[in-house]
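Visitor: Pasting the sequence and the predicted coordinates here, then a few questions.
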Amino acid sequence: MFGRKKDKSEGGITQAEVDHPEREGAKNRPTPKRRDQEAARKRPLVQDDRKSARAADRQARRAAAQRTREAMVTGDERNMPARDKGPVRRFVRDVVDARFNPGEILLPLMLAVLVLSFLSPAVASYAFLAVYVIIILAVLDAVLLWRRTRAAIWARFGEDTETKGLGMYQGMRSFQMRRTRLPKAMIKRGEQPR
């Protein structure tokens with residue numbers, strides 16, 4: 001009553017096919033209904049087999065963690081965490097890795113003072129004083145290093161480069177022993193940062 005009637009002409013071809021022949025580059029099919037598309041995309045929020053879903057999720061997390069761990073060792077930027085990605089962060093890491101930082105000796109020195117305090121309490125008081133002096137020197141060195149690095153970042157990457165959080169990133173890296181740093185150092189001491 002309200003719609004068109006599809007007239008069959010000879011050879012099984014409908015009137016609509018005669019009116020709209022197939023064209024190169026065209027869709028050549030009717031647009032699917034929204035409800036059909038939504039029904040095809042529907043998936044349950046919780047899978048029926050929770051045990052296998054949990055195992056698959058655990059396996060996927062392990063694989064992602066393994067990729068991240070390998071990226072931290074090899075320096076592959078694609079799989080690094082967001083806090084370590086980008087050329088600016090790479091430059092900051094290279095600046096720290098290219099030099100010796102006084103903060104690197106803090107942890108071994110503190111362990112030595114701890115052992116020394118058990119063996120000889122009189123000598124340990126002088127060692128405690130040495131630790132405090134090294135801490136002050138390391139903090140001062142980290143602040144001065146950040147000021148120089150920030151100027152180098154602006155010179156290399158432009159004045160509009162975001163440096164928020166990079167000072168703490170560089171400071172924490174300068175207080176770590178070189179072997180324990182992640183991402184691993186990609187340049188040797190004395191080399192120019194890339």
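Guide: Right, received. Where do you want to start?

Visitor: Tell me how far the most centrally placed residue in the chain lies from A64.
Guide: Taking CA atoms, centre = their mean, the centroid of the chain lies closest to P81, which sits 1.8 Å from it. Counting by CB to CB, to the nearest Å, the gap from P81 to A64 is 11 Å. C-beta here means a position set from N, CA and C on the backbone, and glycine is covered the same way.

Visitor: hang on, L140 in a helix?
Guide: Yes. Counting by DSSP: H, G, I helix; E, B strand; the rest coil, L140 is part of a helix.

Visitor: and the residue lying closest to P102 once chain neighbours are set aside, what does it touch?
Guide: In space, and not counting its chain neighbours, P102 is closest to A138: 4.3 Å by CB to CB, 6 or more residues apart in numbering. Shown in contact with A138 (CB atoms under 8 Å, 6 or more residues apart in numbering): N101, P102, G103, L106, S174, F175.

Visitor: Show the backbone phi and psi for V46.
Guide: V46 has phi and psi values of phi -120, psi 130 when expressed as degrees, to the nearest 10.

Visitor: Next, find the distance separating it from R54.
Guide: For V46, the distance to R54 equals 11 Å [CB to CB].

Visitor: Pick out whichever of these two has more residues nearby.
Guide: Per other CB atoms under 10 Å, whichever of V46 and R54 has more neighbours is R54, with 11 against 6.

Visitor: which element is the more buried one on?
Guide: In the assignment (DSSP states H and E), R54 maps to helix 50-74.

Visitor: Got the domain ranges for this structure?
Guide: Following automatic domain parsing, one finds the domains of the chain at 46-82, 86-194.

Visitor: Switch those over to CSV; also include mean pLDDT and distance to K33.
Guide: Formatted as CSV, the domains of the chain follow (pLDDT from 0 to 100; distance: least, CB to CB, whole Å):
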stretch, mean pLDDT, distance to K33
domain 46-82, 91, 27
domain 86-194, 94, 45
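
Visitor: winner for burial among the ones you listed?
Guide: Comparing those by mean neighbour count (mean count of other CB atoms under 10 Å), domain 86-194 ranks first with a mean of 15.

Visitor: roughly how far is that one from the heart of the chain?
Guide: Between the centre of domain 86-194 and the centre of its chain there are 21 Å (CA atoms, centre = their mean, to the nearest Å).

Visitor: same question, stretch 27-36
Guide: The answer for stretch 27-36 is 40 Å, by CA atoms, centre = their mean.

Visitor: Straight-line length of that stretch, end to end?
Guide: One end of stretch 27-36 to the other measures 18 Å (CA to CA, to the nearest Å).
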